[in-house]
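In: Pasting the sequence and the predicted coordinates here, then a few questions.
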Amino acid sequence: MEVDTGYKELFSGGLGRFTGGKASLHVREGAMPVFHRARPLPYALRERVDAELDRMLRDGVIEPVDCSDWASPLVPVNKADGSLRVDRYPLPRIEDLMVKLSGARYFSKIDLSQAYNQIELDDTRKYTVVNTHRGLYQYNS
């Protein structure tokens, strides 16, 4: 049974897009570019990583680039629901996050589906290149 909430476009199943402005990345002045080669990818993960890269391409989250001065290796992470997430860098340790939260008075939690992939990046997206077994991809969001 389908319930009409009056907000059907919010639950389309596709990836949303934040339209309130573009995000900008800030790199320390004088920072030297760092280019990491792709990490070896276990054959057992290759099909799932390929499917995730194809989905991200289809959704406009990433786009292929021919070359870049900046690149991070792809980090595949198994999610609790059995799906796969690809990261540009490993997530911080919970212990480190707790130290940073020490003394805070207010907390909130917003659980958006693929939240970081919904925020469009400005020209600083050149810093978000990820090096994969299929080549280089730049994040658009």
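Out: Everything's here; your move.
In: report the longest helix in the protein, please.
Out: Looking across the chain with DSSP state H, the single longest helix is helix 43-58.
In: what's the offset of that one from the middle of its chain?
Out: A distance of 14 Å separates the centroid of the chain from that of helix 43-58, by CA atoms, centre = their mean, to the nearest Å.
In: contact partners of that helix?
Out: Applying CB atoms under 8 Å, 6 or more residues apart in numbering, the contact partners of helix 43-58 are 41, 62-64, 74, 76, 84-86, 117, 132-134, 137. For the C-beta atoms, the positions are set from N, CA and C on the backbone; glycine is no exception.
In: Strands - which of those residues land there?
Out: Using DSSP state E, the subset of the contacts of helix 43-58 located in strands is Ile62, Glu63, Pro64, Pro76, Leu84, Arg85, Val86, Thr132, Tyr137.
In: Tabulate those residues (a markdown table), appending neighbour count and distance to Ile94.
Out: Conversion of these to a markdown table gives the following (neighbours: other CB atoms under 10 Å; distance: CB to CB, whole Å):
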| residue | neighbour count | distance to Ile94 |
| --- | --- | --- |
| Ile62 | 24 | 28 |
| Glu63 | 13 | 33 |
| Pro64 | 12 | 34 |
| Pro76 | 17 | 20 |
| Leu84 | 14 | 21 |
| Arg85 | 12 | 17 |
| Val86 | 19 | 21 |
| Thr132 | 20 | 27 |
| Tyr137 | 24 | 28 |
